[in-house]
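In: only geometry, no sequence info:
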């Protein structure tokens, strides 16, 4: 991932707790992931949610401008509204500059 | 969290996939979380793992020095060794500077 970005890129950490029930969430989440992947500057996404409803999604972007443009996307704005009205008890968004990364893969 | 840090702090994003079985992981994970919480500069941690073994843990720190010191902690070094020998199929660590944050709480 770092090779695509000349060594500098950004992460959006989305920590959330879901409300009870689906209420159309899973369909929208899948649609948003597909739409995000087509946005300029999108580098990737990782998402985990446990049985208790706690979730962390981290998306990676080439620039702050790319993050801003995705936040303003019309379909994403609708999803953000449903997030507040229906899907989330609470969430925190943190926009971060990735300064260093390293990985391990079992040999 | 941001009030403790004069507006600037760091996140360590740890994305991982576990091996099969516990192999002493849960006990060590709990011990490491308690030990991290006593480190200078520790601000908080969020952790989610799903039934498939995919996990994201994000810890928050007041400075890069605090992150470095935690990585060098002796007990944590032992845990890191067990992580590679026993507990993880793969992981990526990203050290990030938090540039902006906002939150939603259901009224």
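Out: It's in. As the structure is a prediction and not an experimental result, all values here were calculated from the model.
In: which residues in chain A form strands?
Out: For chain A, the strands defined by DSSP state E cover A:9-18, A:42-49, A:54-61, A:88-105.
In: And the residue of chain A that's closest to chain B?
Out: residue A:96 (3.6 Å; Cβ to the nearest Cβ). (Glycine included, C-beta is placed from N, CA and C.)
In: From residue B:90, how far out is that residue?
Out: According to Cβ to Cβ, to the nearest Å, residue A:96 stands 22 Å off from residue B:90.
In: Could you check which of the two has the larger neighbour count?
Out: Set residue A:96 next to residue B:90 and count neighbours by other Cβ atoms under 10 Å in any protein chain shown: residue A:96 wins out with 25 against 13.
In: got the contact list for the residue nearest to the more buried one when sequence neighbours are not counted?
Out: In space, and not counting its chain neighbours, residue A:96 is closest to residue B:96: 3.6 Å by Cβ to Cβ, 6 or more residues apart in numbering or on different chains. Residues near residue B:96 by Cβ atoms under 8 Å, 6 or more residues apart in numbering or on different chains: A:11, A:96, A:97, A:98, A:99, B:10, B:11, B:12, B:13.
In: would TSV of those residues with pLDDT and distance to residue A:20 be doable?
Out: Formatted as TSV, the contacts of residue B:96 follow (pLDDT from 0 to 100; distance: Cβ to Cβ, whole Å):
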residue	pLDDT	distance to residue A:20
A:11	98	29
A:96	97	30
A:97	97	36
A:98	97	34
A:99	95	38
B:10	98	34
B:11	98	29
B:12	98	31
B:13	98	28
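In: Just the buried subset of the residues you listed, written out for ChimeraX, thanks.
Out: Here is the ChimeraX selection string for the buried members of those, based on 16 or more other Cβ atoms under 10 Å in any protein chain shown:
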select /A:11,96,98 /B:10,11,12,13
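In: For chain A, list the residues in contact with chain B, please.
Out: A:11, A:13, A:15, A:19, A:46-51, A:54-56, A:58, A:64, A:83-84, A:88-106 (Cβ under 8 Å from any Cβ of the partner chain).
In: and those residues, which are buried?
Out: For these, a burial check counting by 16+ other Cβ under 10 Å picks out A:11, A:13, A:15, A:19, A:46-49, A:54-56, A:58, A:83, A:88, A:91, A:93-96, A:98, A:101.
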